[in-house]
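Trainee: just the structure for this:
(2 chains)
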Amino acid sequence: MSTIVYITSSNGLGKSAFEAVTYAKKLGSDVTVVTTGSSDSTTLAMLGEWGASKVLVDRSVNSDDTQQITRIIATAVEQTGADTVVFSHDLIAKSIAPRLSVRLKAGLVSGATSLPTNDGGFTCSVNVFSGKAFGNVNVKTAKKIISLLPNSIQPEAIGSACAVEEFNGGAGETRMKVLSTKKPEGEIPLTEAERVVSAGRGLKAPENWGIVEDLAKELGAATACSRPVADIGWRPHHEHVGQTGFAIRPNLYIAAGISGAIQHLAGVNGSKVIVAINTDAEAPFFKAADYGVLGDVFEVLPRLTEALKKFHATNN
Amino acid sequence: MKILVCISKSPDTTSKIAFTDSSTKFDENGVQYIVNPYDEWYALVRALELKETIGGNVTIITVGTAADDSVIRKALAIGADDAVRIDADATDAYFTASQIASYAKANGFDLILTGKETINYNGSQVAGMIAEELDLPFVSLATKLDISGTKLTLEKEIVGGVQVVEVELPVVISCAKGMAEQRIPNMRGIMAARTKPLTIIAPIEVTPLTAFVSYTMPAPKTACKMIDPNNMDELVALLHNEAKVI
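Mentor: Next comes the predicted model:
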């Protein structure tokens, strides 16, 4: 049995890459990583620590052109005789895995939250109804594609650096031209963050976000926001979590001044632990949260930041 | 310009989610179906805006049974010119995408738009599959679309930011928030929708690659533990000792 993991490495390697390799290794197979992008070989060799036996890097593609990357992965599948392809279920995987599914006639599990069971041959659990239920997807084909939801499995370091080989996957022509890329430097990407501090209209004005950022900094967390706050332009759209924004599932989600409408919860209900801070005792978030603080965010957030500082000072 | 907009039905966002037949089927009892919001608000409305500025025709397509005709009429009321329903249960994404691709291939479209995902299965699969079937470029999660001749300029979401890309027609695009604003159908649109052409087509033979075999509900949340707002040390201690997340 042999598995291919596709990883995009243009921005270095994140936790989601290690999760995908760990997952593939746990399928009980030999793991080959296929990657495009600009990461150097030393960085890529590290994937061996998580269980990869080899990394194939095709440096001819630097964008996320779905046609080119699909061709590269298909070539690698053919050459290695792999029967399974694993992605981390990020924005790139969402655009490539479906193409690959058609090309290989391989059933796709989109957003798997678990390892497959033998139930009916090969069955994986995914989130459905925007996180309100789980569906068990049976893959009927010999070849399988699994796109793994980030934060569903703990990465396990089990080996040492592996071989990195330059690879020509026959990317072919691109029909998509990248004109520009806007990406704030040095911030933790929201979908990768293990901790997220999120705030909503309860913050009253964009200039009040300092207390949110202070807490996020002390926690090593990413910042997020609710839809109304993104819509009125207080915060950038790439921070918006919820039904129409990003769906995230960090270990810790702190929601300050967000009521917790069903559309917001749909984007965060996969979080392991939720803390809700609100002045309204009737806020629906208190029904979805593990810990609740009924109080004024302008007092509670700075107090929480101070308490964390004290905690970090005594625990480091 | 010929635009094809793929729509799916989905339960109203406030629907109660439950399952029947030993948890193998979604319980449709009392569920109100709507046009999947991403398909309607972003893909369909942007298609109509394009038609209004540069002319053309907007066809909507869905794979479904006669029960879905009311959802199709709603999309027609918003302004699509005509509709196609492939008469079959949409069993999996591959089955659905193959049906739509087959129709699109036979009828030739310049632009194929979908929403970014449905709010019931959240698979985000159909658009990419159609693109592969038709060997077309695919730009996913586009938040802005401008057209000049046969050239499209798109803004799309990438991890932690935004990218601007350029593609030539024909192309498949999945649409996310930002693409357009929701439109409420007016009475004239609703009246006109009744007589707009709805073509029903027999499905081609396709074997699905996957199947949902059962569903489970998440374990109920334990009651929220309320913390004294003056005692954040307690919250920190709980997050450390009990929840073990810091």
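
Trainee: what's around the single nearest residue of the stretch 151-300 of chain A relative to chain B, how many residues?
Mentor: Proximity of the stretch 151-300 of chain A to chain B (Cβ to the nearest Cβ) peaks at A:Gly295, 2.9 Å away. (C-beta placed from N, C-alpha, C; glycine too.) As a burial measure, A:Gly295 scores 18 neighbours (other Cβ atoms under 10 Å in any protein chain shown).

Trainee: contacting residues around the closest residue to it other than its chain neighbours?
Mentor: Nearest non-adjacent residue to A:Gly295, counting by Cβ to Cβ, 6 or more residues apart in numbering or on different chains: B:Pro229, 2.9 Å away. If you count contacts by Cβ atoms under 8 Å, 6 or more residues apart in numbering or on different chains, B:Pro229 has them with A:Val293, A:Leu294, A:Gly295, A:Asp296, A:Glu299, A:Val300, A:Arg303.

Trainee: the helix or strand hosting A:Ile146 pairs with which strands?
Mentor: According to DSSP states H and E, A:Ile146 maps onto strand A:144-148. Sheet partners assigned to strand A:144-148 using DSSP bridges are listed as strand A:84-88 (parallel), strand A:107-112 (parallel).

Trainee: to A:Gln154, which of those strands lies closest?
Mentor: Nearest of the strands paired with strand A:144-148 to A:Gln154, taken as Cβ to Cβ: strand A:84-88 at 14.0 Å.

Trainee: next one: the closest one to chain centre, how far?
Mentor: 14 Å (Cα atoms, centre = their mean, to the nearest Å).

Trainee: please apply the same query to stretch B:82-98.
Mentor: 13 Å.

Trainee: is any part of that stretch close to chain A?
Mentor: Yes: using Cβ under 8 Å from any Cβ of the partner chain, we find that stretch B:82-98 touches chain A at B:Asp92, B:Ala93, B:Tyr94, B:Ala97.

Trainee: turn those residues into JSON lines, including secondary structure.
Mentor: Output for the residues of stretch B:82-98 next to chain A, formatted as JSON lines (DSSP: H, G, I helix; E, B strand; the rest coil):
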{"residue": "B:Asp92", "secondary structure": "coil"}
{"residue": "B:Ala93", "secondary structure": "helix"}
{"residue": "B:Tyr94", "secondary structure": "helix"}
{"residue": "B:Ala97", "secondary structure": "helix"}
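
Trainee: now tabulate those residues in JSON lines and tack on neighbour count, distance to B:Ala67 and pLDDT.
Mentor: Listed next are those as JSON lines, based on neighbours: other Cβ atoms under 10 Å in any protein chain shown; distance: Cβ to Cβ, whole Å; pLDDT from 0 to 100:
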{"residue": "B:Asp92", "neighbour count": "25", "distance to B:Ala67": "19", "pLDDT": "96"}
{"residue": "B:Ala93", "neighbour count": "27", "distance to B:Ala67": "20", "pLDDT": "97"}
{"residue": "B:Tyr94", "neighbour count": "25", "distance to B:Ala67": "22", "pLDDT": "98"}
{"residue": "B:Ala97", "neighbour count": "28", "distance to B:Ala67": "21", "pLDDT": "98"}
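
Trainee: pick out whichever of those sits closest to B:Met217.
Mentor: Proximity of the residues of stretch B:82-98 next to chain A to B:Met217 (Cβ to Cβ) peaks at B:Asp92, which lies at 22.0 Å.

Trainee: quick one: contacts for that closest one?
Mentor: By Cβ under 8 Å, 6+ apart, the contact list for B:Asp92 reads A:Gly107, B:Pro208, B:Leu209, B:Thr210, B:Ala211.

Trainee: do the helix or strand hosting A:Arg103 and chain B meet at all?
Mentor: Assigned by DSSP H and E, A:Arg103 belongs to helix A:91-104. Yes: Helix A:91-104 is in contact with chain B by Cβ under 8 Å from any Cβ, via A:Leu91, A:Ile92, A:Lys94, A:Ser95, A:Ile96, A:Ala97, A:Pro98, A:Arg99, A:Leu100, A:Ser101, A:Val102, A:Arg103.

Trainee: most neighbours, which of the residues you listed?
Mentor: Going by other Cβ under 10 Å, A:Pro98 tops these with 32 neighbours.

Trainee: burial measure for the closest residue to A:Leu219 other than its chain neighbours, as a count.
Mentor: With Cβ to Cβ, 6+ apart as the criterion, A:Leu219 has its nearest non-adjacent residue at 5.1 Å, and that residue is A:Arg195. Neighbours of A:Arg195 under the rule other Cβ under 10 Å: 21.

Trainee: check whether A:Arg195 really touches A:Ile248, as I assumed.
Mentor: No: the criterion here is Cβ atoms under 8 Å, and A:Arg195 misses it with A:Ile248 at 10.6 Å.

Trainee: picking that back up, hmm, who's touching the helix or strand following the strand holding A:Ile146?
Mentor: Per DSSP H and E, the first helix or strand lying C-terminal to strand A:144-148 is strand A:163-166. With Cβ under 8 Å, 6+ apart as the contact definition, strand A:163-166 has outside contacts at A:Ser41, A:Leu44, A:Ala45, A:Gly48, A:Ser53, A:Lys54, A:Val55, A:Leu56, A:Val57, A:Asp58, A:Arg59.

Trainee: can you show me the helices along chain A?
Mentor: A:15-26, A:41-45, A:66-80, A:91-104, A:210-219, A:227-231, A:262-268, A:285-288, A:297-315 (DSSP state H).
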